[in-house]
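Predicted model and sequence below, questions to follow.
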Amino acid sequence: DDEDCLQHAVIERAGGMVWAVHQLDADTSGVNLFTTERRQVAALKGALSAPSARKHYLAMVHGRPTWETQIVTDPIGMVDGTSLGVTTKGRSAHTEIEVLDRGPEHSLLRVRILTGRTHQIRIHAAHLGHPIIGEEWYRSPPCTLHPRQALHASQLILKGQRCLDVTAPIPEDLERLASELSLRLDRAASR
(Lines give C-alpha, C1' and ligand atoms only; values in the text may rest on other atoms or scores of the structure.)
Protein backbone atom coordinates (compact mmCIF):
# COMPACT_ATOMS: atom_id res chain seq x y z
CA ASP A 1 0.00 0.00 0.00
CA ASP A 2 3.03 2.32 0.10
CA GLU A 3 2.67 4.64 -2.89
CA ASP A 4 6.40 5.55 -2.68
CA CYS A 5 7.38 1.90 -3.14
CA LEU A 6 8.45 0.67 -6.58
CA GLN A 7 6.41 -2.51 -6.09
CA HIS A 8 3.28 -0.36 -5.77
CA ALA A 9 4.08 1.40 -9.07
CA VAL A 10 4.70 -1.92 -10.84
CA ILE A 11 1.38 -3.30 -9.52
CA GLU A 12 -0.41 -0.22 -10.82
CA ARG A 13 1.22 -0.55 -14.23
CA ALA A 14 0.66 -4.32 -14.48
CA GLY A 15 -2.95 -4.01 -13.36
CA GLY A 16 -2.59 -6.89 -10.93
CA MET A 17 -0.51 -8.27 -8.08
CA VAL A 18 3.26 -8.32 -8.49
CA TRP A 19 5.68 -9.73 -5.90
CA ALA A 20 9.08 -8.17 -5.17
CA VAL A 21 11.99 -10.59 -5.26
CA HIS A 22 14.90 -8.08 -5.39
CA GLN A 23 14.07 -4.42 -4.82
CA LEU A 24 16.49 -1.52 -4.48
CA ASP A 25 16.53 1.51 -2.22
CA ALA A 26 14.63 4.45 -3.72
CA ASP A 27 17.80 6.36 -4.65
CA THR A 28 19.61 3.38 -6.21
CA SER A 29 19.14 2.83 -9.93
CA GLY A 30 19.35 -0.45 -11.80
CA VAL A 31 17.99 -3.97 -11.82
CA ASN A 32 14.97 -4.85 -9.67
CA LEU A 33 13.30 -8.26 -9.90
CA PHE A 34 9.55 -8.85 -9.64
CA THR A 35 7.27 -11.74 -10.57
CA THR A 36 3.59 -11.89 -11.41
CA GLU A 37 3.37 -15.48 -10.13
CA ARG A 38 3.35 -15.89 -6.36
CA ARG A 39 4.44 -19.52 -6.65
CA GLN A 40 7.71 -18.33 -8.25
CA VAL A 41 8.74 -16.10 -5.32
CA ALA A 42 10.40 -18.83 -3.22
CA ALA A 43 12.28 -20.31 -6.19
CA LEU A 44 13.53 -16.90 -7.33
CA LYS A 45 14.56 -15.89 -3.80
CA GLY A 46 16.36 -19.21 -3.47
CA ALA A 47 18.21 -18.60 -6.74
CA LEU A 48 19.04 -15.07 -5.59
CA SER A 49 20.61 -16.33 -2.35
CA ALA A 50 22.51 -19.21 -4.02
CA PRO A 51 26.32 -18.96 -4.16
CA SER A 52 26.13 -18.90 -7.97
CA ALA A 53 24.00 -15.71 -7.97
CA ARG A 54 25.79 -12.52 -8.96
CA LYS A 55 24.71 -9.02 -7.93
CA HIS A 56 27.00 -6.40 -9.46
CA TYR A 57 26.85 -2.68 -8.72
CA LEU A 58 28.71 0.41 -9.83
CA ALA A 59 29.48 3.08 -7.25
CA MET A 60 31.15 6.47 -7.47
CA VAL A 61 32.87 7.29 -4.21
CA HIS A 62 34.85 10.00 -2.49
CA GLY A 63 38.61 9.57 -2.48
CA ARG A 64 41.14 7.41 -4.27
CA PRO A 65 41.53 3.97 -2.68
CA THR A 66 45.13 2.83 -2.33
CA TRP A 67 44.07 -0.75 -3.08
CA GLU A 68 42.83 -2.35 -6.34
CA THR A 69 40.50 -4.89 -4.76
CA GLN A 70 39.04 -5.25 -1.32
CA ILE A 71 36.96 -7.91 0.42
CA VAL A 72 34.88 -6.54 3.30
CA THR A 73 33.30 -8.97 5.76
CA ASP A 74 32.50 -6.61 8.63
CA PRO A 75 29.07 -7.38 10.15
CA ILE A 76 26.24 -4.86 9.79
CA GLY A 77 23.57 -4.06 12.35
CA MET A 78 22.06 -1.41 14.58
CA VAL A 79 24.79 0.74 16.12
CA ASP A 80 22.79 3.09 18.35
CA GLY A 81 19.20 1.88 18.28
CA THR A 82 18.26 4.07 15.32
CA SER A 83 20.95 3.72 12.64
CA LEU A 84 22.80 0.96 10.85
CA GLY A 85 26.54 0.53 10.61
CA VAL A 86 29.42 -1.85 11.12
CA THR A 87 29.15 -3.51 14.53
CA THR A 88 30.40 -6.75 16.05
CA LYS A 89 26.80 -7.49 17.10
CA GLY A 90 25.55 -7.25 13.50
CA ARG A 91 24.74 -9.87 10.88
CA SER A 92 27.44 -11.20 8.59
CA ALA A 93 27.96 -9.18 5.41
CA HIS A 94 30.27 -9.93 2.48
CA THR A 95 31.18 -7.31 -0.13
CA GLU A 96 33.81 -7.55 -2.88
CA ILE A 97 35.08 -4.29 -4.36
CA GLU A 98 37.25 -3.53 -7.40
CA VAL A 99 38.53 -0.08 -8.38
CA LEU A 100 37.69 0.55 -12.06
CA ASP A 101 38.95 4.13 -12.35
CA ARG A 102 40.33 6.97 -10.28
CA GLY A 103 39.72 10.65 -10.95
CA PRO A 104 41.40 13.59 -9.23
CA GLU A 105 39.27 13.26 -6.06
CA HIS A 106 36.79 10.42 -6.68
CA SER A 107 36.78 6.82 -7.85
CA LEU A 108 34.56 4.39 -9.74
CA LEU A 109 34.08 0.99 -8.14
CA ARG A 110 32.56 -2.30 -9.22
CA VAL A 111 30.92 -3.94 -6.23
CA ARG A 112 29.64 -7.47 -5.81
CA ILE A 113 27.57 -8.34 -2.77
CA LEU A 114 27.32 -11.92 -1.57
CA THR A 115 24.87 -11.07 1.21
CA GLY A 116 21.95 -8.68 1.09
CA ARG A 117 22.04 -6.50 4.18
CA THR A 118 20.19 -3.18 4.20
CA HIS A 119 22.47 -0.42 2.87
CA GLN A 120 25.34 -2.93 2.73
CA ILE A 121 27.35 -1.23 -0.03
CA ARG A 122 26.77 2.24 1.40
CA ILE A 123 27.87 1.14 4.88
CA HIS A 124 30.92 -0.84 3.76
CA ALA A 125 32.10 1.93 1.41
CA ALA A 126 31.83 4.51 4.20
CA HIS A 127 33.53 2.11 6.63
CA LEU A 128 36.50 1.89 4.24
CA GLY A 129 36.72 5.69 4.20
CA HIS A 130 35.22 6.05 0.71
CA PRO A 131 31.55 7.02 1.12
CA ILE A 132 29.35 7.03 -1.95
CA ILE A 133 28.80 10.35 -3.68
CA GLY A 134 25.38 11.72 -2.75
CA GLU A 135 25.43 9.82 0.56
CA GLU A 136 23.32 11.48 3.25
CA TRP A 137 23.32 8.93 6.08
CA TYR A 138 26.79 7.36 6.15
CA ARG A 139 28.87 10.49 5.57
CA SER A 140 29.37 13.47 7.82
CA PRO A 141 28.65 16.03 6.59
CA PRO A 142 26.17 14.62 4.05
CA CYS A 143 27.37 14.79 0.44
CA THR A 144 25.56 17.28 -1.78
CA LEU A 145 27.51 16.70 -5.02
CA HIS A 146 24.65 14.65 -6.45
CA PRO A 147 20.92 14.54 -5.56
CA ARG A 148 20.99 10.79 -4.92
CA GLN A 149 23.53 8.10 -4.12
CA ALA A 150 25.80 7.40 -7.07
CA LEU A 151 24.97 3.69 -6.82
CA HIS A 152 23.69 1.56 -9.69
CA ALA A 153 22.70 -2.14 -9.69
CA SER A 154 24.25 -2.91 -13.05
CA GLN A 155 23.76 -6.66 -13.37
CA LEU A 156 21.86 -9.55 -11.80
CA ILE A 157 22.73 -13.13 -12.75
CA LEU A 158 20.84 -16.18 -11.51
CA LYS A 159 22.00 -19.67 -12.47
CA GLY A 160 20.64 -23.13 -11.94
CA GLN A 161 16.97 -24.04 -12.28
CA ARG A 162 16.07 -20.36 -12.74
CA CYS A 163 18.59 -18.84 -15.22
CA LEU A 164 18.50 -15.11 -15.65
CA ASP A 165 21.06 -12.51 -16.74
CA VAL A 166 19.79 -8.91 -16.66
CA THR A 167 21.89 -5.80 -17.24
CA ALA A 168 20.68 -2.26 -16.60
CA PRO A 169 22.28 0.55 -18.61
CA ILE A 170 23.94 3.33 -16.66
CA PRO A 171 21.43 6.18 -16.28
CA GLU A 172 22.12 9.59 -17.78
CA ASP A 173 22.53 11.33 -14.40
CA LEU A 174 25.38 8.98 -13.47
CA GLU A 175 26.96 9.32 -16.92
CA ARG A 176 26.98 13.11 -16.46
CA LEU A 177 28.37 12.79 -12.93
CA ALA A 178 31.17 10.48 -14.10
CA SER A 179 32.12 12.97 -16.80
CA GLU A 180 32.12 15.87 -14.31
CA LEU A 181 34.38 13.87 -11.96
CA SER A 182 36.74 12.72 -14.76
CA LEU A 183 35.78 9.06 -14.26
CA ARG A 184 35.74 6.74 -17.28
CA LEU A 185 32.77 4.37 -17.49
CA ASP A 186 34.23 2.27 -20.34
CA ARG A 187 35.62 -0.37 -17.94
CA ALA A 188 32.22 -0.66 -16.27
CA ALA A 189 30.86 -2.59 -19.26
CA SER A 190 33.36 -5.44 -18.92
CA ARG A 191 32.46 -8.29 -16.56
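Here it is on my side, so go on.

rest of the way, CA atoms for contacts and neighbours
Fine.

Okay, strands next: where are they in this protein?
Counting by DSSP state E, residue ranges of the strands within the chain are 19-22, 29-30, 33-35, 54-62, 69-72, 76-78, 84-86, 95-102, 106-113, 151-158, 164-167.

mind putting the ones you listed in CSV, mean neighbour count included?
Below are the strands of the chain laid out as CSV (neighbours: other Cα atoms under 10 Å):
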stretch, mean neighbour count
strand 19-22, 18
strand 29-30, 22
strand 33-35, 17
strand 54-62, 24
strand 69-72, 15
strand 76-78, 19
strand 84-86, 20
strand 95-102, 20
strand 106-113, 24
strand 151-158, 22
strand 164-167, 13
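
Which of those sits closest to residue 184?
Counting by Cα to Cα, residue 184 lies closest to strand 95-102 out of the strands of the chain; the figure is 6.4 Å.

Next, the contact list for residue 111, please.
Neighbouring residues of residue 111 by Cα atoms under 8 Å, 6 or more residues apart in numbering: 56, 57, 58, 59, 95, 96, 97, 98, 121.

One more pass at 10 Å, please.
Listed by Cα atoms under 10 Å, 6 or more residues apart in numbering, the contact set of residue 111 reads 55-59, 69-71, 95-100, 121, 125, 151-154.

Which of the strands of the chain sits closest to residue 137?
Nearest to residue 137, of all the strands of the chain, is strand 84-86, at 9.3 Å by Cα to Cα.

and the residue located most distally from the centre of the chain, how far is that from residue 174?
Going by Cα atoms, centre = their mean, the residue of the chain most distant from its centre is residue 15, 28.2 Å out. Distance of residue 15 to residue 174, given as Cα to Cα, to the nearest Å: 31 Å.
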